[in-house]
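Undergrad: Curious how this folds, go ahead:
(chains A and B)
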Amino acid sequence: MSSSTFCSMPFTVNGNLKLVQWGNVIYSSNKLAAYQPLKLAAARKLLDEIAKRTRGSVADLQITECADGGNFGNSNAIDDLFGESVMDCVCNHMDEQYIIDQLRYCSSEGILELGELYHALTIKTGIWFNKFVATALVNMYAKCGQIDNGKMIFDRMSCIDVASCNSMICGYVSNGMLSEAFAFFIEMCYLDIVPNHYTYSILLSACGASTAVKEGKQLHAQIVKLKFMALTAVVNSALTMYSKFGMIEEAENLFQGLAERNIISWTAFISGLYHQKAFNKALAQFCLMRKNNLEPNEYTFSVALSCAASVQYHDYGRALHAQVIKHGIISMVFVGTAIIDMYSKCAEPSGARKQLEEMGGMASCASWNAVIIGLVRNDEVAAALEVFHKMLNNDIACDEYTFSATLKACSLLPSLAICRQVHSRVVKGKFGTNLHVASSLIETYAQCGNSEDAEKAFYLTSTPDVVTFNAMIGAYSQYGYPTKAKFLFEKMVEKRILPTSFTFLAVISACSHCGSVQQGREFFESMTRNYGILPEEKHYSCMVDLLSRSGQLENALEFINKLPNEPSAAIWRPFLAGCRYHGTLEMAELAASKILEHEPGDASVYVTLSNMYVEAGKLSDALKQRALMKSKSMQKEPGCSWLEVNAKIHRFFSGDRRHIDTPKVYYKLENLMQKIQTDYYNLAKTSLLNPEVGQVTEEKCLFHSERLAVCFGLLNLPKGTTIRVFKNIRICLDCHTTMKHISKITNRDIIIRDNYRFHHFKQGCCSCGDFW
DNA sequence: CTAGGGTTAG
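TA: The predicted structure follows:
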């Protein structure tokens, strides 16, 4: 093989890779504009080295700061490759080891452009004949994502050995081509090249990256046989592999058996524990490591921060933050993001935002995401949208996590207008078919009261997964489309997608809404029988709802009595709703007492009972409930301004309800709602993503406040009272919860009649199950 | 020529 062989490759000196000399500095011309400061620094390093080796004989060596390309195009030197004087210097002074070192640097930093330049240099100087240099080239291309070029060099090598093969295998693994890696391993064995401990290290990590448990175990057996177990790096690979498989006992055995544990061993084990959700144990190991005088690095801190975040050890998280600063690694993106995540999960979103600001331009998309998600988690929905807006303004590329989190914020508001705006960004970024984003879209449109768009988002996904199905089935169930919900469930089974516990909750609830008791029961039974899913309290509660709502109160009571655990308020509440609907006072009294045992401050129980007494003509009992409620309830949740409002209204209207001055009620409520409306209007206005799109006009008074519902409940207005319900607000007056989804009813007056039940609405309340 | 890390959806 001669150097002309190389010249036929895509990277010839005169071909695609244009090397230019400018001020005696060699650049790769077509990549120059893309040079980051890091790469410029690498070029400078090369220059310094040349200067050193030529002992300054190239007098006019200087680097020109032209990271942006500058007036580079004007240089006459563009096609003037390697000026003679420089080439002489380079040829005389660049030895193999230097090139190998530089190529290694390019590999670790992933600087393909500079690597290509060195490649050209090796051809020009002829040192690519050296097999160490060639191996370094293979490695460089493989690490820079150009595995094909690596393979081309490998195929042209006159003498391959285990090291060059390892480079190839490693290249395949790091490019996610696992089957190619294994095939190459087998091929090298055929060629009688004996794999060494490096080979096994690489392959073990490849197994960990896939789910090749069987192969991993075989490799483990081989490293034992080959006596590689004394080598920390090899055992570290195996340890990491078992951690990734979730086989934490195996990982622990390997870890305990290690004669010498380095920082990688500890980090691998701690992170294995983290993924097993053994957070406390992971943190204990972290402390133990520190006791053994091993200094954590950025990897170790990241995982320790994640553990602290998961168990919400706020103080420990802060201490870790301080340690990270002390170790001088605060500017590393991964650690910074882990710190943001820690503050987000420890309910200190302000700390998260502060860290994001500290990171400035270094912050990655994940860093921004972590802040947004933290704000959403802590109910700072408007702030979350604000951060998203800022992210767009700063031209940070959004990913599926960003959209999921932002859409979640929209669904909590809920605001259809903002949801639509985010959706437009989703489409623009081509994320519409991403399953995470699609699921979020379905959920958000459903919460914003737009079932058609939820449906559209669903049918745009070509291969919906379990979450997507769940979101859509949940939406159908919530919207009172049991037939559609059941249809989709069957489709899901047809497609061999295993339903989850949520799926069953949604379909049983759908059955409950359309009175299909038998079918609901069948779903409930098949859940455990056919899918091995154990019912949770939610499912039991849903079943009680199914039975009670259809009037099978005896069966419901029997069902409750057979429950494996002591029935909680969540079980008795739907039962009470059923009693209320079917007017069975004695059972209602039982349910009420059970609920109050668990939750003595639940005002809705008193209201319900009081209403039932009124209906039954037991006015004194009704008043007794009122008095009880007045003395006991609504004292919880200190600092909540809504409760103060509630209390005021309560005081205002306490006494004999039959003499309520209706216009005053109207006026008071109107004022109250106007205030809320203004708040939400301002909120929506400030968080508008694209101000040029227009003002918020359509849905300025969307809101979602359970506490408002409590206000209504406390009022307990008499028959015939008219309340003007603002657009899109629906509140169940029986259980006092706001309907989570917003109806399309606009500016319609609701007449409170027939004991607060609104039969002319077809949808049921998601909490108490009452049809309105 | 080898080993370790962060954020989602019902």
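Undergrad: Next to DNA strand B in this structure, residues from the stretch 201-350 of chain A, please.
TA: Proximity of the stretch 201-350 of chain A to DNA strand B (CB under 7 Å from any atom of the strand) is limited to residues A:201-202, A:205, A:208, A:231-234, A:236-237, A:240, A:243-244, A:262-265, A:267-268, A:271, A:274-275, A:297-300, A:302-303, A:306, A:332-335, A:337-338, A:341. Using the backbone N, CA and C atoms, a C-beta is placed for each residue, glycine as well.
Undergrad: Tell me the buried residues within these.
TA: Among those, those that count as buried by neighbour count (16 or more other CB atoms under 10 Å) are A:201-202, A:205, A:208, A:231-232, A:234, A:236-237, A:240, A:243-244, A:264-265, A:267-268, A:271, A:274, A:297-300, A:302-303, A:306, A:332, A:334-335, A:337-338, A:341.
Undergrad: how long is stretch A:142-153 end to end?
TA: 11 Å (CA to CA, to the nearest Å).
Undergrad: Need the contact partners of it.
TA: A:9-11, A:106-108, A:110-112, A:115, A:134, A:137-141, A:167-168, A:170-172, A:174-175, A:177 (CB atoms under 8 Å, 6 or more residues apart in numbering).
Undergrad: Identify those among these that sit within strands.
TA: Within the contacts of stretch A:142-153, no residue falls in strands by DSSP state E.
Undergrad: restrict those residues to those near DNA strand B?
TA: A:107, A:139, A:167, A:170, A:174.
Undergrad: doesn't residue A:139 make contact with the fourth one?
TA: Yes - look at residue A:170 against residue A:139 with CB atoms under 8 Å: they come within range, at 7.3 Å.
Undergrad: Quick check: closest non-adjacent residue to residue A:366.
TA: Spatial nearest neighbour of residue A:366, excluding adjacent residues (CB to CB, 6 or more residues apart in numbering): residue A:337 at 5.2 Å.
Undergrad: Kindly report the same for residue A:244.
TA: Residue A:244 sits nearest to residue A:208 (CB to CB, 6+ apart), 4.1 Å away.
Undergrad: Which residues does the one helix or strand that neighbour maps to contact?
TA: Following DSSP states H and E, one finds residue A:208 within helix A:197-209. Contact with helix A:197-209 is made by A:162-163, A:165-166, A:169-170, A:173, A:176, A:178, A:181-182, A:185, A:212-213, A:215-216, A:219-220, A:222-223, A:226, A:228, A:231, A:233-234, A:236-238, A:240-245, as judged by CB under 8 Å, 6+ apart.
Undergrad: Next: stretch A:181-189.
TA: A:162, A:165, A:168, A:169, A:172, A:173, A:195, A:199, A:202, A:203, A:206, A:215.
Undergrad: Give me the buried entries from those.
TA: A:165, A:168, A:169, A:172, A:173, A:195, A:199, A:202, A:203, A:206, A:215.
Undergrad: Tabulate the residues you listed in a markdown table, adding columns for pLDDT.
TA: Formatted as a markdown table, the buried ones among the contacts of stretch A:181-189 follow (pLDDT from 0 to 100):
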| residue | pLDDT |
| --- | --- |
| A:165 | 92 |
| A:168 | 93 |
| A:169 | 92 |
| A:172 | 91 |
| A:173 | 90 |
| A:195 | 91 |
| A:199 | 93 |
| A:202 | 92 |
| A:203 | 92 |
| A:206 | 89 |
| A:215 | 87 |
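Undergrad: Go through those residues and name the one nearest DNA strand B.
TA: Using CB to the nearest atom of the strand, residue A:202 comes nearest to DNA strand B of those, at 4.9 Å.
Undergrad: so how far is residue A:241 from residue A:213?
TA: The gap separating residue A:213 from residue A:241 is 9 Å, by CB to CB, to the nearest Å.
Undergrad: Would you mind telling me which of these two has the busier surroundings?
TA: The neighbour comparison of residue A:213 against residue A:241 (other CB atoms under 10 Å) goes to residue A:241, with 29 against 16.
Undergrad: show me where chain A has strands.
TA: A:19-22, A:25-28, A:722-724, A:749-751.
Undergrad: follow-up on the earlier one: what score does the residue nearest to residue A:244 have for pLDDT?
TA: At residue A:208, the model reports a pLDDT of 88.
Undergrad: can you redo the buried ones among the contacts of stretch A:181-189 as a markdown table with distance to residue A:149?
TA: Shown next, in a markdown table, are these (distance: CB to CB, whole Å):
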| residue | distance to residue A:149 |
| --- | --- |
| A:165 | 17 |
| A:168 | 12 |
| A:169 | 16 |
| A:172 | 13 |
| A:173 | 17 |
| A:195 | 24 |
| A:199 | 22 |
| A:202 | 19 |
| A:203 | 23 |
| A:206 | 21 |
| A:215 | 28 |
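Undergrad: Could you pull up the contacting residues of the closest residue in space to residue A:588 that isn't next to it in sequence?
TA: Leaving aside its sequence neighbours, residue A:588 sits nearest to residue A:579 (CB to CB, 6+ apart; 3.7 Å). When contacts are counted by CB under 8 Å, 6+ apart, residue A:579 touches A:548, A:553, A:585, A:587, A:588, A:591, A:612.
Undergrad: now do 10 Å
TA: Counting by CB atoms under 10 Å, 6 or more residues apart in numbering, residue A:579 touches A:548, A:553, A:556-557, A:572, A:585-592, A:608-609, A:612.
Undergrad: Out of the residues you listed, which comes closest to DNA strand B?
TA: For the contacts of residue A:579, the nearest to DNA strand B is residue A:548 (23.7 Å; CB to the nearest atom of the strand).
Undergrad: and the closest residue to that closest one other than its chain neighbours, how many neighbours?
TA: Nearest residue to residue A:548, sequence neighbours excluded (CB to CB, 6+ apart): residue A:578, at 2.4 Å. The local packing of residue A:578 (other CB under 10 Å) involves 28 other residues.
Undergrad: swap in residue A:367?
TA: 23.
Undergrad: Which residue is the nearest non-sequential neighbour of it?
TA: Nearest to residue A:367 is residue A:337, by CB to CB, 6+ apart, at 4.5 Å.
Undergrad: which residues sit in contact with that neighbour?
TA: A:302, A:305, A:352, A:355-356, A:359, A:362-371.
Undergrad: Report the separation between it and residue A:364.
TA: Applying CB to CB to residue A:337 and residue A:364 gives a distance of 7 Å.
Undergrad: who touches both of these two?
TA: What both residue A:337 and residue A:364 touch, as defined by CB under 10 Å, 6+ apart, is the set residue A:370.
Undergrad: I'd like the average pLDDT over stretch A:353-370.
TA: The model assigns stretch A:353-370 a mean pLDDT of 91.
Undergrad: Going by neighbour count, which residues of it are buried?
TA: Buried-residue list, stretch A:353-370, by 16+ other CB under 10 Å: A:353, A:355, A:356, A:359, A:363, A:364, A:366, A:367, A:368, A:369, A:370.
Undergrad: next one: stretch A:546-553
TA: For stretch A:546-553, using 16+ other CB under 10 Å, the buried residues are A:546, A:547, A:548, A:549, A:550, A:552, A:553.
Undergrad: Let's have those in a markdown table, adding pLDDT.
TA: Below are those laid out as a markdown table (pLDDT from 0 to 100):
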| residue | pLDDT |
| --- | --- |
| A:546 | 91 |
| A:547 | 93 |
| A:548 | 90 |
| A:549 | 84 |
| A:550 | 86 |
| A:552 | 93 |
| A:553 | 92 |
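Undergrad: Specify which member of those residues is nearest to DNA strand B.
TA: residue A:546 (19.2 Å).
Undergrad: what residues are up against that closest one?
TA: Applying CB under 10 Å, 6+ apart to residue A:546 gives the contacts A:508-509, A:511-513, A:515-521, A:523-524, A:552, A:555-556, A:559, A:574, A:578, A:769.
Undergrad: Contact residues of the stretch 551-700 of chain A facing DNA strand B?
TA: Counting by CB under 7 Å from any atom of the strand, no residue of the stretch 551-700 of chain A is near DNA strand B.
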